[in-house]
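Engineer: how would this look folded up:
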Amino acid sequence: MVSLGATVLAIAAAWISSDLGYYLLLPAVGIRPGYNIAPLTIGLYYAAWIAIAIVAFWPLYRSWKPFPDRMRAYVFLLASVAAVAAFAIFALPRLPSIVWTESWDAPELMLANEWYFLPKSVEILFQQLLIAALVLALAANNYPIPKIAIVCAILFGTTHLLLGFGGLPFGYVARFAAAAAAFGLLFPHLILRVPNGFAYSYALHWLYYIVTIVMAHTVSPYAT
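Structural biologist: Numbers count the residues shown, from 1 in each chain. Okay, here's the model as predicted:
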């Protein structure tokens, strides 16, 4: 049986450390953090965290088969990546612009350019791997899926409250936290019960950011 307490602490440590590294370590070594500013560097940064997560949680991942139908999963993922790329290259530049008049700096998500999508794709995969580790650890300790879903909803939703420290207005933080809690209810079922569900979970996670970007450019108070 997997040590649930140690796994939860390790997941929290990885998530918090990745955020601290982004906001504190990168500037300390002369790298200005920014998905739009340094997309390749930030992408590599989160790729390193993916490697750390795989090593740290390998006992959980080792027997996990996220893609029982690999061909279908790979086709779906390639189609998803192509759709995101098409949105970034063709649709995003044609959306209405945003005028940011608040006293704080505009959050990067609000002013995403086409380069934003590269590092964000890597970061979302890192987060999905941490979520999968939590789900698998709970399942290994004989938690039923409804209870796993509740735990994930609480933890995933609470984690997104930290966005308040990144400059997002309260309304956006509340919406992100509520959506994260809702996804937390859904992700365990996808990961544990749906064939290739990890691919669908990843795509759903990404879809929320695309919807948020479109809303910011079209129906938010900051859209022109």
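Engineer: check contacts around residue 134.
Structural biologist: Contact analysis of residue 134 by C-beta atoms under 8 Å, 6 or more residues apart in numbering lists 7-8, 11, 151-152, 155. Quick note: C-beta positions are derived from backbone N, CA and C, even for glycine.
Engineer: Point to the residue nearest the middle of the protein.
Structural biologist: Note on the chain: the residue nearest the mean C-alpha position is residue 124, at 3.2 Å, using C-alpha atoms, centre = their mean.
Engineer: neighbours around the residue nearest to that one when sequence neighbours are not counted, how many?
Structural biologist: Excluding its sequence neighbours, the residue lying closest to residue 124 (C-beta to C-beta, 6 or more residues apart in numbering) is residue 205, at 5.2 Å. Residue 205: 17 surrounding residues under other C-beta atoms under 10 Å.
Engineer: got the residue ranges for the helices in the chain?
Structural biologist: Remark: helices assigned in the chain by DSSP state H are 4-20, 26-28, 39-56, 58-61, 70-86, 117-140, 145-159, 170-193, 197-218.
Engineer: Residue 15 versus residue 171, what's the distance?
Structural biologist: Here the criterion is C-beta to C-beta, to the nearest Å. By it, residue 171 lies 24 Å from residue 15.
Engineer: Looking at these two, which has the bigger crowd around it?
Structural biologist: residue 15 (19 against 10).
Engineer: before we move on, back to that, per-residue pLDDT, the residue nearest to the centre of the chain?
Structural biologist: pLDDT, residue 124: 95.
Engineer: quick one, what contacts it?
Structural biologist: Applying C-beta under 8 Å, 6+ apart to residue 124 gives the contacts 202, 205-206, 209.
Engineer: which one of the residues you listed is nearest residue 219?
Structural biologist: residue 209 (15.9 Å; C-beta to C-beta).
Engineer: The residue nearest to that closest one when sequence neighbours are not counted: neighbouring residues, count only.
Structural biologist: If you skip the residues right next to it in sequence, residue 209 has residue 120 as its closest partner in space, 6.6 Å away by C-beta to C-beta, 6+ apart. Residue 120: 23 surrounding residues under other C-beta under 10 Å.
Engineer: and if you look at residue 211?
Structural biologist: 11.
Engineer: do the same with residue 164
Structural biologist: Residues lying near residue 164 (other C-beta under 10 Å) number 15.
Engineer: Can you tell me the closest non-neighbouring residue to it?
Structural biologist: residue 173 (4.6 Å).
Engineer: same check, this time on residue 150
Structural biologist: For residue 150, ignoring the flanking residues on the chain, the nearest one in space by C-beta to C-beta, 6+ apart is residue 185 at 7.5 Å.
Engineer: where does the one you found sit relative to residue 155, distance-wise?
Structural biologist: 12 Å.
Engineer: How about residue 145?
Structural biologist: 16 Å.
Engineer: returning to what we had before: the residue nearest to residue 164 reaches residue 160, doesn't it?
Structural biologist: Yes: between residue 173 and residue 160 there is a contact under C-beta atoms under 8 Å: 7.3 Å.
Engineer: what's the first-to-last distance across stretch 158-171?
Structural biologist: From its first residue to its last, stretch 158-171 covers 15 Å (C-alpha to C-alpha, to the nearest Å).
Engineer: still on that earlier bit, spit out the contact partners of the residue nearest to residue 209.
Structural biologist: Neighbouring residues of residue 120 by C-beta under 8 Å, 6+ apart: 35, 206, 209.
Engineer: Look up how far residue 210 lies from it.
Structural biologist: Separation of residue 120 from residue 210 (C-beta to C-beta): 10 Å.
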